[in-house]
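**Q** Predicted model, plus sequence, below.
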Amino acid sequence: MEGPKLQVSGLNAYFGSKQVLYDLSLQFPDRAASAIIGPSGCGKSTFLRCLNRLHEEVPGARVEGSIRLDGQEISRLNEVAVRCRVGMVFQKPTPFPNMSIYDNVASGLRLLGVRSRDRLDEAVLASLKQAALWEEVKGNVDAPGIRLSGGQQQRLCIARALAVQPEVLLMDEPCSALDPIATTKIEKLVLELKRTYTVIIVTHNLAQASRVSDHTAFLYLGKLVEFGPTQKIFERPDEALTESYVRGRFG
Amino acid sequence: MPGEGGLGEVPPRRESIERRGSRLRILGRGFHALSAGVAVGWLLLVALLVGVLAWTARSAIRHSGSFLLLGAEWDPNRQIFGAAPFIVDTLLTSLLALLLAVPVALGVAIFLSELAPPRVRDVVSYAVDLLAAVPSVIYGFWAFIVLVPLMAHTVEPDLARTTGGTLLFSGLPLGVDLLTSSLILAVMILPTIAALSREAMRAVPRQLRESALSLGATRWEATRMAVLGPARAGILGGILLGLGRAIGETIVVAMVIGGGRTYPTSLFSPGTTLATIIADDLTSAAPPEVSALVAVGLILLGITLLVNLGARLLIARERKESEEEELPAHSRPRGLLPPPGAEFRGFAHPGGAGEAEAVLAEPVELPAWRRQLQAQLPGRLRRRRALYAAVAVLTLLCTVLALAPLASILYTAVQNGGRAVVTPSFYTDTMAPACNPATEHNCQLGGIGPALQGTLILIGLASLIAIPIGILAGIYLAEYGRNRFARSLSFLTEVMTGIPTILIGTFVFVLFLAEDPSIAASATTGGIALSILMIPLVTRTTEESLRAVPDSVRESARALGFPRHWVTLRVTLGCARGGIVTGALLAASRAGGETAALLMTAQGFQYYSLGLGRPIDSLTLVIFTTFGTPYPNWQEVTWGATLVLLLVMLTIGLATRILFHRHTAGAEVT
């Protein structure tokens, strides 16, 4: 087994003078799904947004500490280059409303300078298939992306993120705006994707974390309480706090 | 404690609660009826405005017919009324203004919405709002003193030279012409377009931008991909609203367009627009010409209504769309959903991870072309970031350019009017005799006492009428307005905010001329005209502030057993108080800076007011009547009046901003 895909050490994050993450250190293994759980406001999303340097786009936000992607410090890399390698899917589906399904998926590659129609076709097809959306939209890829249902839109956003072939896929509560059927589909998709990508998923839904992830991190009030194999976290965690959270005693 | 004495005491208490409840209910019903009545009254007033204008214009329309629209000669003495050159000048100046303003305004909007750091954004947004609040008579005065000489001596000769004096740029460069008018109109409508475009861009959800950023877009690319598209309708609406404002603008144009009444031969030709011919001639016109001028007003009304209607429809459509975005995902239309039963196609093994299909196991290695892209990335990125930097600089320049007039106006006003403003007698004296220091000693400064008094009386009168009506109509529209009538009325009110104010003045003047000519020019008519201008503004802000109160607040209050109308009166109005006060203040300040509606109603007066039935002065009228004066002491008074007006506007702007900021601070964070 090679080294971890993402190595976080001593991570502190701030909004203005307010600190939201305290000294986080953990390692995300390659080609596996890791879940981040914790009660609302514990900094889950902020943590995720540090990993592709989106946090620092918020006015007044600051990050300290080290995040290494394949051993490279991401703060030394160009943020655009980082985001090409670390894709992200948001809580609410966010297809670009003025673009067709095809253009949505192709948008990342177009940014990279891909102009060849053949190459784009190929990549769009592959991404839509990978995101398990192709069967539902084929023959209709020129329709606007916002005409899709919520679950389909979310898979469109996953396809869009996959099209640039990132190495890591961040998912910020990707199912919280979806109905149960759409949620099932996304969960199955995560199980597929973790065979190829490093998937990191923030979720409110403990059952979901236990279903899809190999490793789980439990965050509480901006601090990492525990990180380990999902089964262990859910069945015999080391910390009492983790235990009472996964047993549903608070949160 | 009362009520503790057991069950026996409960019935009488309940009875008193019920009595109180029914009293509140009756009060509330009465209030509902009152607000509905006011809303209907407002509608009737608008109908009356159109009706009176049409009625007055009918003899001219019968007399001249289509010559009014197509004829090229305007000679009241021979009763020849052809307004075609005015139509041409109006469209020419406003379209040219649009052409000049839109690129800069979009630059400002992009800078403020997407690129500027928050602190810069706050300050500059405030400055842009101020730019929009500067009264048009001040723009006109500044243009006449600063812009006209610049155009006449530098810009226009240069333009003529570089183009060889061809068609557009031929003739004598006088500075008072169509080109200067277009330029100052562009300066005036720029903040409107910029503010509305910025709003449209801010309304785009943040996650959309972040989606683009996390695909590896630079800030500019994210703006292009995720912001400009969704905001398009709103931006277009803002542009149209700016066009409407340019078409209906009277005062600024009247001060710099020069008054030529034939077809323009070049951009250096002096001209007359639909609005300025009314401003110039209406008060001194004989009945046939009055009718013709009102007919010209109808043409103006038609054009501006069309433009404003288009603008509001675009903005409303966008607002509706962004509201739909807020719906839960699964209640959105499912245009592409496969037929039921096909839901799980593509998932042959709905089991766990172990059973995942091998089909989807993509090669882990990146394909060659993708690796090549990765290798090229640094080089491409340099170019993309250079583009971003270039756009940032360009939009910053646009912002500086947009704010330059404000800086120049403030500078010249302080320089020329600063001494007057710190002289106590300036605020109480009447106009001094005209005085030329070269030939006379002891020139007196004089003052703006009557103008100050007049402005206060006019604003007071107008507020007295407009604020209750506007608030009641706004309450009706927001709280009881879930029917078609209220929706149409709300839309009409929005359109009315864009109606040229000269037409409001014309309406009031003509109405009173027919009813009681002795007070057609008086404080009363001036106050009424200003109130018609204020009502839609107050109504709109009241309605919007009330709509911003979440329904859950209303429902919680009703769940406590309060009758519906009482909830409106106490709970909802209490929540929206800050917004409503702000709206009323802004409307009053708009009225204080208004000139066109006062030209034929208040008409100006050299001395302290002698009563509500007599002509009255105002700060804006002083500036408008003395802006071209050669006498230094009158010039100084004009600048002093300008500075006073500016300072008042600045203060009100700042006050409302603080008030409103406190009011919305909580909402902005989320």
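**A** Looks like it arrived, so ask away. Residues are numbered from 1 along each chain as shown, chains lettered A, B, ... in the order given.
**Q** Show the average pLDDT along stretch B:403-415.
**A** Mean per-residue pLDDT for stretch B:403-415: 94.
**Q** per-residue pLDDT, the closest residue to chain B within the stretch 1-150 of chain A?
**A** Nearest to chain B in the stretch 1-150 of chain A, going by CB to the nearest CB, is A:G150, at a distance of 2.5 Å. No exception for glycine: its C-beta is placed from N, CA and C like everyone else's. Note for A:G150: predicted pLDDT of 89.
**Q** Wait, it touches A:A182, no?
**A** Yes. Between A:G150 and A:A182 a contact is recorded at 6.2 Å, counting by CB atoms under 8 Å.
**Q** which of those two has more neighbours?
**A** Using other CB atoms under 10 Å in any protein chain shown as the criterion, A:G150 and A:A182 rank with A:A182 on top: 23 against 20.
**Q** Not counting its neighbours along the chain, what's nearest residue 199?
**A** This is for chain A. Nearest non-adjacent residue to A:V199, counting by CB to CB, 6 or more residues apart in numbering or on different chains: A:A33, 4.2 Å away.
**Q** if you could check chain B rather than the one you did, that'd help
**A** Counting by CB to CB, 6+ apart, B:E199 lies nearest to B:G234, which is 6.9 Å off, once chain neighbours are set aside.
**Q** Quick check: the one you found vs chain A, distance?
**A** Distance of B:G234 to chain A, computed by CB to the nearest CB, to the nearest Å: 13 Å.
**Q** Which of the helices or strands spans that residue?
**A** If you go by DSSP states H and E, B:G234 is part of helix B:232-248.
**Q** Ramachandran angles for the residue nearest to A:V199?
**A** Main-chain torsions, A:A33, degrees, to the nearest 10: phi -100, psi 130.
**Q** quick one: contacts for it?
**A** By CB atoms under 8 Å, 6 or more residues apart in numbering or on different chains, the contact list for A:A33 reads A:190-191, A:193-194, A:199-201, A:212-215.
**Q** out of the residues you listed, which are inside strands?
**A** Applying DSSP state E to those, the entries found in strands are A:199-201, A:215.
**Q** Would you reformat the residues you listed as CSV and include neighbour count and pLDDT?
**A** Formatted as CSV, the ones in strands among the contacts of A:A33 follow (neighbours: other CB atoms under 10 Å in any protein chain shown; pLDDT from 0 to 100):
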residue, neighbour count, pLDDT
A:V199, 26, 94
A:I200, 27, 95
A:I201, 28, 95
A:H215, 22, 94
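**Q** In terms of helices and strands, where is the residue nearest to A:N78 when sequence neighbours are not counted?
**A** Spatial nearest neighbour of A:N78, chain neighbours left out: B:L381 (6.0 Å); criterion: CB to CB, 6+ apart. Element membership for B:L381 (DSSP H and E) is helix B:368-421.
**Q** Next secondary structure after that helix?
**A** Following helix B:368-421 in sequence, per DSSP H and E, is helix B:449-479.
**Q** roughly how far is the next helix or strand after that next one from the heart of the chain?
**A** Downstream of helix B:449-479, the first helix or strand assigned by DSSP H and E is helix B:484-496. Centre-to-centre, helix B:484-496 and its host chain are 17 Å apart (CA atoms, centre = their mean, to the nearest Å).
**Q** And the helix or strand just after helix B:484-496, what does it pack against?
**A** Note on helix B:484-496: by DSSP H and E, the next helix or strand toward the C-terminus is helix B:501-515. When contacts are defined as 3 or more CB pairs under 8 Å, 6 or more residues apart in numbering or on different chains; DSSP states H and E, helix B:501-515 packs onto helix B:10-64, helix B:232-248, helix B:274-281, helix B:287-325, helix B:523-547, helix B:596-599.
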